[in-house]
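Undergrad: model the following, please.
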Amino acid sequence: MVNFYLVDAGLPAHWQSLLDALRALGRSVTDIAAILITHGHPDHVGLAERVRVASGADVWVHESDAPILAEPRRLNKFWHPERSLLRYTARRPSGLRAPLHLARAGALRTPPVREFHTFTDDRQLDLPDSPLAVHTLGHTQGSTSYLFPDASIAFTGDALVTHDSVAGTVGPCVICRAFTQDSQAALASLDKVAEHEIDTVLPGHGEAWTDGLAKAARQAVANGVR
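TA: Below is the predicted model:
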């Protein structure tokens, strides 16, 4: 239900999965030089502090979501969705599976990140493979997509996903209003990423999309917000 790449740091319960994945690559936690956070929600921040302490990696996040990293257990102090989750689960009770999964995997126990770097607007970060940080606000105020042009890969976090398990949507979309702060801004932000020629999209939720970032963004805008 949740993907993490460091771009993004999953949930606290994903520690062993991270170690296993790194081992399969012939790597260890100490090889991680940077952690790019697409936005401040717990399922994207969960292991950030643990990895930072273990590796000395620099954590990067847009300045608008920096307060969430400092106090992830007080998310509602900084972020307010447009619509109640109950409006969705009353019609589709299976939509509760994802929030319950997050809670069981430690979302409510996400530790604060003690040290991190921030950026504003769109910029190329001085990090391995020179990722381009594109501010795609809407899901949160600091929501950011990270584009790696040389590898033709985009990490879109929750600005653009291919599965919204609460609304039951499959395919490129914006997450429903129960988990989006400003849905109109979220849709408008996709025009920015659609300008880039990127082959593969790795979203925060759902399967990878290999038919181009621009096409995914256009399809998500056409699907609208639920």
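
Undergrad: from what I can see Thr144 touches Ala133, true?
TA: Yes: with contact defined as CB atoms under 8 Å, Thr144 reaches Ala133; the gap is 5.3 Å. All C-beta atoms are positioned from the backbone trio N, CA, C, and that covers glycine.

Undergrad: higher neighbour count, the two?
TA: A side-by-side neighbour count of Thr144 and Ala133, using other CB atoms under 10 Å, places Thr144 first with 29 against 22.

Undergrad: for that one, grab phi and psi.
TA: Listed backbone geometry of Thr144 is phi -140, psi 140, with angles given as degrees, to the nearest 10.

Undergrad: just to revisit the earlier point, who touches both of Thr144 and Ala133?
TA: Leu36, His62 (CB atoms under 8 Å, 6 or more residues apart in numbering).

Undergrad: centroid residue for this protein?
TA: Here the mean C-alpha position of the chain is nearest to the C-alpha of Gly157 (CA atoms, centre = their mean), at a distance of 2.7 Å.

Undergrad: contacting residues around that one?
TA: Contact analysis of Gly157 by CB under 8 Å, 6+ apart lists Val7, Asp8, Thr38, His39, His44, Thr136, His139, Ser143, Thr144, Ser145, Pro203, Gly204.

Undergrad: save those as CSV, and put in distance to Leu25, secondary structure and pLDDT too.
TA: Listed next are the contacts of Gly157 as CSV, based on distance: CB to CB, whole Å; DSSP: H, G, I helix; E, B strand; the rest coil; pLDDT from 0 to 100:
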residue, distance to Leu25, secondary structure, pLDDT
Val7, 15, strand, 94
Asp8, 17, coil, 94
Thr38, 21, coil, 98
His39, 25, coil, 98
His44, 21, helix, 96
Thr136, 28, coil, 97
His139, 29, coil, 97
Ser143, 28, coil, 98
Thr144, 25, strand, 98
Ser145, 24, strand, 98
Pro203, 21, strand, 97
Gly204, 21, coil, 96
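
Undergrad: for PyMOL, write a command that selects the buried ones of these.
TA: The buried subset of the contacts of Gly157, as determined by 16 or more other CB atoms under 10 Å, is captured in PyMOL by this line:
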select buried, resi 7+8+38+39+44+136+139+143+144+145+203+204
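
Undergrad: any low-confidence regions in this protein?
TA: Across the chain, the ranges flagged by pLDDT under 70 are 1-5.

Undergrad: mind listing the strands for it?
TA: 34-36, 58-62, 117-119, 123-124, 132-135, 144-148, 153-157, 161-164, 169-173, 200-203 (DSSP state E).

Undergrad: packed most tightly, which of the ones you listed would that be?
TA: When the strands of the chain are scored by mean count of other CB atoms under 10 Å, the highest mean neighbour count falls to strand 153-157 (a mean of 27).

Undergrad: only C-alpha atoms, please: export stretch 135-153 in CSV.
TA: Extracted in CSV, the C-alpha atoms of stretch 135-153 (Å, rounded to 0.1, in the frame of the first residue of the first chain):
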residue,chain,number,x,y,z
HIS,A,135,7.0,22.2,-5.9
THR,A,136,3.6,20.4,-6.6
LEU,A,137,1.6,21.8,-3.7
GLY,A,138,-2.0,20.8,-3.0
HIS,A,139,-1.8,17.5,-1.3
THR,A,140,0.2,19.4,1.3
GLN,A,141,1.6,22.9,1.1
GLY,A,142,5.1,21.7,0.6
SER,A,143,4.4,18.7,-1.6
THR,A,144,7.3,18.2,-4.0
SER,A,145,8.0,15.9,-6.9
TYR,A,146,11.6,14.9,-7.5
LEU,A,147,12.7,14.4,-11.2
PHE,A,148,15.8,12.6,-12.3
PRO,A,149,16.1,13.6,-15.9
ASP,A,150,19.2,11.5,-16.7
ALA,A,151,17.5,8.4,-15.4
SER,A,152,14.1,9.6,-16.8
ILE,A,153,12.4,8.8,-13.5
